[in-house]
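Enquirer: Pasting the sequence and the predicted model now:
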Amino acid sequence: MKNKQIIFKKRPIGTPDTDTWQLETNPVPELQEGEILIQQHYVSLDPAMRGWMNDSKSYIPPVAIDDVMRAGSIGKIIKNNGNPKFEVGDCVTSWGGVQQYVVTNGDGWYKVDERLAPMPMYLGTLGMPGMTAYFGITEVGKIKDGDIVLVSGAAGAVGSIVGQIAKIKGCIVIGIAGGKEKCDYLINELGFDDAIDYKSENIYSALKKKCPKGIDVYFDNVGGVILDAALSKLRMHARVVICGAISQYNNKSKISGPSNYLSLLVTRSTMQGMVVMDYVKDYAIAAKQMGIWMQEGKLKSREDIYEGIENFEETYQRLFSGEKNGKLVLKVIEE
């Protein structure tokens, strides 16, 4: 049995290119006692991948050169050599990386029920992005009824869920996204109160018009100029959630930090980073609640699925070009 794998070959400077990864086909090793063989169906593509490639201090060690590229994944167990925790046919998810097969002792893998939701959804709304949104806006953002919430990257995997949860909790929600189509989606499909198209609108003017009373919570996925603009609109005791900074990830020079940070002092506000792994013990609670909201029609999920492990690099670039809608997923199983 052969395993197609995306191998990390070179740390990129700026935007990753064709030298960053290499597609290899390697034999699947024989199972040792207690091991399982997982045939992966889908892998998750996330902006955080760019940070994992840097050899710098972070919340997680960098991907090592010549290792399989790190990624969340989901698939099915097709062989089991005496592992009592799993059965052949179980649908499981974890950090399987960008490859078609995984041999593991099962540590860190979790069973999910594909009868309740399709596999890709467990990489999105019911996976890491959904957990990030849930704990980011409820635990760090501390939203309450009536709050004015601003979300950047609002049409993306995390931002779209953040905004919907805020609406469920009784907030006024304004989303920032790129292009009329995405902004219309936020308002007409997801129920946001308003949207700002950063590609066609001046961000400062738009915030003045659409957030005239300021904002109580800013959930930041992009950093840079948009973070700076949002800081200028903080209300007293506002909360800024730093989830990501996708506008800065491919910088070849120093990251551009906020020049409006003294707004935090004036308004007695807080700015706090959040990493979803801090909340792992409560994932099941969040997944159950979001599953209920989905059944009630209050929470919508959108996955943007592409096919073929050979198309990994091209699909990955969609994270930064904006050529995607919702959660970006790559189907790696060959049928």
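Expert: That came through fine.
Enquirer: What ranges does the chain have for its helices?
Expert: Along the chain, counting by DSSP state H, helices occupy 48-52, 128-135, 159-168, 180-188, 203-210, 224-231, 262-266, 283-295, 312-321.
Enquirer: for the stretch 201-335 of the chain, which spans come out with low pLDDT?
Expert: Within the stretch 201-335 of the chain, the stretches with pLDDT under 70 are 249, 251-253.
Enquirer: before we move on, the earlier item: out of the helices of the chain, flag the one nearest Asp90.
Expert: When those are compared by CB to CB, helix 283-295 sits nearest Asp90, at 17.0 Å. Placement of C-beta: from N, CA and C, glycine included.
Enquirer: Show me how far stretch 231-245 is from its chain's centre.
Expert: With CA atoms, centre = their mean, to the nearest Å as the basis, stretch 231-245 stands 19 Å off its chain's centre.
Enquirer: May I have it as CSV, with CA atoms only?
Expert: Only the C-alpha atoms of stretch 231-245 are listed here, as CSV (Å, rounded to 0.1, in the frame of the first residue of the first chain):
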residue,chain,number,x,y,z
LEU,A,231,-8.7,50.1,18.2
SER,A,232,-9.8,53.7,17.3
LYS,A,233,-13.5,52.7,17.9
LEU,A,234,-13.3,51.0,21.3
ARG,A,235,-16.0,51.8,23.9
MET,A,236,-15.2,51.8,27.6
HIS,A,237,-14.0,48.4,28.9
ALA,A,238,-14.0,46.9,25.4
ARG,A,239,-12.4,43.5,24.8
VAL,A,240,-10.1,42.9,21.8
VAL,A,241,-9.6,39.2,21.0
ILE,A,242,-6.4,38.5,19.1
CYS,A,243,-7.0,35.2,17.2
GLY,A,244,-4.9,35.7,14.1
ALA,A,245,-3.1,38.2,11.8
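Enquirer: still on that earlier bit, mind putting the helices of the chain into TSV with distance to His237?
Expert: Listed next are the helices of the chain as TSV, based on distance: least, CB to CB, whole Å:
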stretch	distance to His237
helix 48-52	29
helix 128-135	20
helix 159-168	17
helix 180-188	26
helix 203-210	19
helix 224-231	14
helix 262-266	11
helix 283-295	25
helix 312-321	34
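Enquirer: Is it possible to get a markdown table of these that adds mean neighbour count and distance to Tyr122?
Expert: A markdown table is the format used below for the helices of the chain (neighbours: other CB atoms under 10 Å; distance: least, CB to CB, whole Å):
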| stretch | mean neighbour count | distance to Tyr122 |
| --- | --- | --- |
| helix 48-52 | 19 | 17 |
| helix 128-135 | 26 | 9 |
| helix 159-168 | 26 | 14 |
| helix 180-188 | 17 | 22 |
| helix 203-210 | 16 | 34 |
| helix 224-231 | 21 | 30 |
| helix 262-266 | 12 | 37 |
| helix 283-295 | 16 | 9 |
| helix 312-321 | 17 | 19 |
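Enquirer: Tell me which of the ones you listed lies nearest to Val102.
Expert: Proximity to Val102 (CB to CB) singles out helix 312-321 among these, at 16.0 Å.
Enquirer: related to what we said a few turns ago, select, out of the helices of the chain, the one closest to Phe86.
Expert: helix 283-295 (17.9 Å).
Enquirer: what's the closest one packed up against?
Expert: On a contact count with 3 or more CB pairs under 8 Å, 6 or more residues apart in numbering; DSSP states H and E, helix 283-295 meets helix 128-135, helix 159-168.
Enquirer: Swap in 7 Å and give it another go.
Expert: If you count contacts as 3 or more CB pairs under 7 Å, 6 or more residues apart in numbering; DSSP states H and E, helix 283-295 packs onto helix 128-135.
Enquirer: Report the rounded mean pLDDT for the helix it packs on.
Expert: Helix 128-135 shows a mean pLDDT of 95 in the predicted model.
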